[in-house]
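Enquirer: Got a sequence here, can you build the structure:
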Amino acid sequence: MSRDATVFLRHILLCLDKIATYTSEGRDAFLVDSRTQDAVIRNLEIIGQAVKDLGTQNLSHLEPEVPWHQIAGLRNVLAHQYLGVDIALVWRVVEDHLPALRSAVENALGDTSEG
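Expert: Numbering: from 1, shown residues only. Next comes the predicted model:
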């Protein structure tokens with residue numbers, strides 16, 4: 001993987017760190033705080049764009065169990081269907097899918113340092 005890919009992967013980790021910080025007070029706090037929702041959604045958009053920029057084909061070879069196309073697609077939903085974003089769904093993404101994404105990105109970064 002190229003050095004540029006490492007930059008994108010590190011940026012994804014930075015966004016994941018921000019989301020973890022923003023959501024540390026839990027689901028109920030998230031669901032009533034529009035600023036936190038906006039911050040999380042923005043970082044999910046950035047993650048999706050970074051995945052697109054990396055190329056889902058390249059990532060699929062590195063970490064095939066991660067739904068890279070869906071991650072990139074979420075960015076489009078959040079950016080273009082902003083009036084219809086389901087905040088409860090955003091929370092489920094944060095809670096159910098971001099820990100696995102973090103693990104995959106960390107593994108991918110480990111693979112880049114070995115190569």
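Enquirer: Quick check: phi and psi at residue 85.
Expert: Main-chain torsions, residue 85, degrees, to the nearest 10: phi -70, psi 130.
Enquirer: what does residue 61 give?
Expert: phi -70, psi -30.
Enquirer: What does the pLDDT read for residue 82?
Expert: At residue 82, the model reports a pLDDT of 69.
Enquirer: Can you tell me how far the spatially most central residue of the chain is from residue 105?
Expert: By Cα atoms, centre = their mean, the mean C-alpha position of the chain lies nearest to residue 47, the distance being 4.2 Å. Distance of residue 47 to residue 105, computed by Cβ to Cβ, to the nearest Å: 9 Å. Yep, even glycine has a C-beta here, placed from its N, CA and C like the rest.
Enquirer: Spatially nearest residue to residue 36 (excluding sequence neighbours)?
Expert: Closest residue in space to residue 36, ignoring its immediate chain neighbours: residue 22 at 5.1 Å, by Cβ to Cβ, 6 or more residues apart in numbering.
Enquirer: Now do that neighbour: how many residues are near it, please.
Expert: Each residue near residue 22 was counted by other Cβ atoms under 10 Å, and the total is 20.
Enquirer: Now for it: which residues touch it?
Expert: 30, 36, 39-40, 43 (Cβ atoms under 8 Å, 6 or more residues apart in numbering).
Enquirer: Going along the chain, name the helices of the protein.
Expert: In the chain, the segments counted as helices under DSSP state H are 3-22, 27-32, 34-54, 56-62, 68-80, 87-92, 98-114.
Enquirer: tell me the contacts of residue 109?
Expert: Here residue 109 is in contact with 6, 9-10, 13 (Cβ under 8 Å, 6+ apart).
Enquirer: Which phi and psi values does residue 66 adopt?
Expert: Note on residue 66: backbone dihedrals following degrees, to the nearest 10 are phi -90, psi 130.
Enquirer: For stretch 7-16, what is the distance to the chain centroid?
Expert: 9 Å (Cα atoms, centre = their mean, to the nearest Å).
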